[in-house]
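Undergrad: sequence-free structure coming up:
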C-alpha cells in the first residue's frame, strides 16, 4: 500500500501530511482521527464549513493543510459551499468528500470540479487511507 | 344577491351512527353546502356520535325529536332498523325527503368504496414520500453505519481495556440511533387503516415529524424553534396525525430550501387545540393560496412531490373536526395554523 507517497520525506514536518477533517458528528471525526493518526497523518478537526474556514484562515500557515476530508451535510456552511471556497482560496489543497449521500449527480459534479474522491459512508479505513494517500501524492505534485 | 339553490345549504339529519353513519359524517362534513343538523343513535357509545360531537354536530338518542325538526331537507336512515321508517313517516315535516332502505344502502356502498380508495391513496402518498426520500434515508443510516464499522475496525487487535470499553460504547450508542430511526420510519409507513385511537401528545408528534423531515433534504441548515405551551392530549390515530405533521414540516423545510427557521408551536386558543408550523421560505403566491389543498396541486418538481400531501393533510384534519389555514405573503414565509376541538373532559 502506498502509504509513503513519493516526495513527502523532504517536507518540514515529520508526519505523512496534515488532514483537516470536517464533519458535524463527533463520532465520525473521532473515527477519521483514529484511522489517520494511526497511519501517520496529523489531523485537525472542524465541526462545520464555517469552523473549517476559520481553521484555515487563522492558522499560522494555512498551507500546512494538505488534504481536506469533508462531509456534505453540515450546519452553517454546507460541504458544497465550503468546497467551492477551499478550491478558490486554497487551490493546491486536495479535497476528499466523505458523505452518507450516495448521490451520483453530486459525486459527478464534484469530481469534475477536481475533488480527489467521493467516498460514501460507511467507508472502510483502508479505502480512506488509500484516498488520502492519493490526495497527498497529488498535493505533492501540485507543489513541485 | 339572492343565493342560488346550489349555494343554499342542504340541511341533513342522519339516523344511525355506526360504521355507515360515521363514514357519512366524515364525507358530508368535507362537502361545502351541506349542514348536518344532528345525528341520532339509540346506542350512546356509537362511534359516529363521538365523531359528530368533534364536529360540533348535536347528537341525540331520540330519533323522533331529530326527525321532527322542520328545517330539515333530507333525512338519511342508515340504521337498517325496520322500526325506523314508520317512525320517520309519523314525525317528519312535510317538506323533508327521506333517503333510506335500498337507496341508503347504495349510498353506504359508494361511500365505503370512496373511503377505501382514500385510505389507499393516503398510504400510497406516504410510500411515495418514502421513495422520494431514499437518498435522505440512506444518508441518515450511513452515518451511524460508518461509525459502527469504524469503531469495530479499530477494535480489531486492540488490547487496552479502556479503549475497548470506549469503542464498544460508541457502537452501542450508534446502533441505538439506527434502531430509533427504523422505529420512526415504521411509524410513518404503517397503514392508516389500523383503527387504534390513542391519546397523543402533539409536541411529541411534531418532534417526530422534525426527525422524519431530516430525510427530506441533503442540507441541514434549518433552525428549529419550539414554542410548546402545555396542551391536553388529543385522541386520534397516531399514524394519521404523524402523516399530517410530517407533510407540513417537510413542506416547510423544502419551501426554505433547507435553510431558514422552522417555528413549531402548540397552544390552547379560544377553546381550540392550536398548532402552527411556520417557515421563513419565499411564501405562497396569492393565486396559489386557495389551491394548496386541492389534490394533485403542486409547485414542486414532479420528482419531489405527488401533490397529494396537503390534500391528505386537509382530509385528516377535517376528519377530526379541525381546520387548517395557510397564512402567507410572498417574501415573508408561510404559517399553517391548525385547530382541533378541545377534547371533552372525561
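TA: That came in fine, so what should we check first? Just so you know, these numbers come straight off a predicted model, no measurement behind them.
Undergrad: what packs against the helix-or-strand element of chain A with minimal mean pLDDT?
TA: When each helix and strand of chain A is scored by mean pLDDT, DSSP states H and E, helix A:49-58 comes last, with a mean of 86. Packing contacts for helix A:49-58, counted by 3 or more Cβ pairs under 8 Å, 6 or more residues apart in numbering or on different chains; DSSP states H and E, involve strand A:18-22, strand A:42-46, strand A:67-70, helix A:79-89. C-betas here are computed from N, CA, C, even on glycine.
Undergrad: is chain B contacted by the last one?
TA: So the one you mean is helix A:79-89. No. Helix A:79-89 does not reach chain B (Cβ under 8 Å from any Cβ of the partner chain); its nearest approach is 8.6 Å.
Undergrad: What angle do strand A:42-46 and that helix make with each other?
TA: With axes from the mean of the first three to the mean of the last three Cα atoms, to 10 degrees as the criterion, the two stretches helix A:79-89 and strand A:42-46 enclose an angle of 120 degrees.
Undergrad: quick one: helix A:79-89 to chain centroid distance?
TA: Shown here is helix A:79-89, whose average C-alpha point lies 12 Å from the average C-alpha point of the whole chain (Cα atoms, centre = their mean, to the nearest Å).
Undergrad: And the contacts of that helix?
TA: Residues outside helix A:79-89 that contact it (Cβ atoms under 8 Å, 6 or more residues apart in numbering or on different chains): A:22, A:49, A:52-53, A:56, A:68, A:70-74, A:77, A:93, A:95, A:97, A:99, A:106, A:110, A:113-115.
Undergrad: mind redoing it with 10 Å?
TA: If you take Cβ atoms under 10 Å, 6 or more residues apart in numbering or on different chains as the criterion, helix A:79-89 is touched by A:20, A:22-24, A:46, A:48-53, A:56-57, A:62, A:65, A:68, A:70-74, A:76-77, A:93-95, A:97-99, A:101, A:106, A:109-110, A:113-115, B:218-219, B:221.
Undergrad: Leaving out the residues flanking it, which one is nearest to residue B:62?
TA: residue B:40 (6.7 Å; Cβ to Cβ, 6 or more residues apart in numbering or on different chains).
Undergrad: can you tell me how far that neighbour sits from residue B:252?
TA: 42 Å (Cβ to Cβ, to the nearest Å).
Undergrad: Flag the shaky bits of chain B, pLDDT-wise.
TA: Judged against pLDDT under 70, the low-scoring parts of chain B cover residues B:1-8, B:191-195, B:218-220, B:300-305, B:344-346.
Undergrad: near chain A, which residues of it show up?
TA: By Cβ under 10 Å from any Cβ of the partner chain, the residues of chain B that approach chain A are B:134-154, B:163, B:166-167, B:170-171, B:173-174, B:177, B:214, B:217-223, B:258-259.
Undergrad: if we go to 7 Å?
TA: By the rule Cβ under 7 Å from any Cβ of the partner chain, the part of chain B lying against chain A is B:135, B:138-140, B:142-143, B:145-147, B:149-151, B:153-154, B:170, B:174, B:218-221.
Undergrad: Looking at those, which are in strands?
TA: Judged by DSSP state E, strands contain the following of these: residue B:221.
Undergrad: Mind checking which of the residues of chain B next to chain A are in helices?
TA: Judged by DSSP state H, the subset of the residues of chain B next to chain A located in helices is B:135, B:138-140, B:142-143, B:145-147, B:149-151, B:153-154, B:170, B:174.
Undergrad: Can you say which two of these are spatially most distant?
TA: B:135 and B:154 (28.3 Å; Cβ to Cβ).
Undergrad: now for the top helix by length along chain A, which elements pack on it?
TA: For chain A, the helix reaching the highest residue count under DSSP H is reported as helix A:125-143. Counting contacts by 3 or more Cβ pairs under 7 Å, 6 or more residues apart in numbering or on different chains; DSSP states H and E, the secondary-structure elements packed against helix A:125-143 are helix A:26-38, strand A:67-70, strand A:94-99, strand A:117-120.
Undergrad: Would you convert those into CSV that also reports distance to residue B:342 and mean pLDDT?
TA: Compiled in CSV, the helices and strands packed on helix A:125-143 are given as follows (distance: least, Cβ to Cβ, whole Å; pLDDT from 0 to 100):
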stretch, distance to residue B:342, mean pLDDT
helix A:26-38, 43, 95
strand A:67-70, 50, 95
strand A:94-99, 46, 94
strand A:117-120, 49, 95
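Undergrad: Let me have those in JSON lines, adding distance to residue B:9 as columns.
TA: Below are these laid out as JSON lines (distance: least, Cβ to Cβ, whole Å):
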{"stretch": "helix A:26-38", "distance to residue B:9": "61"}
{"stretch": "strand A:67-70", "distance to residue B:9": "62"}
{"stretch": "strand A:94-99", "distance to residue B:9": "57"}
{"stretch": "strand A:117-120", "distance to residue B:9": "59"}
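Undergrad: Identify, out of these, the most deeply packed stretch.
TA: Between the helices and strands packed on helix A:125-143, strand A:67-70 has the highest mean count of neighbours, a mean of 27, where neighbours are mean count of other Cβ atoms under 10 Å in any protein chain shown.
Undergrad: quick one: strands adjacent to it?
TA: Based on DSSP bridges, the strands next to strand A:67-70 in the sheet, each with its direction, are strand A:18-22 (parallel), strand A:94-99 (parallel).
Undergrad: Show me what the shortest one is in contact with.
TA: Residues from elsewhere that reach strand A:18-22 (Cβ atoms under 7 Å, 6 or more residues apart in numbering or on different chains): A:29, A:32-33, A:36, A:41-46, A:49, A:52, A:55, A:64-71, A:82, A:132.
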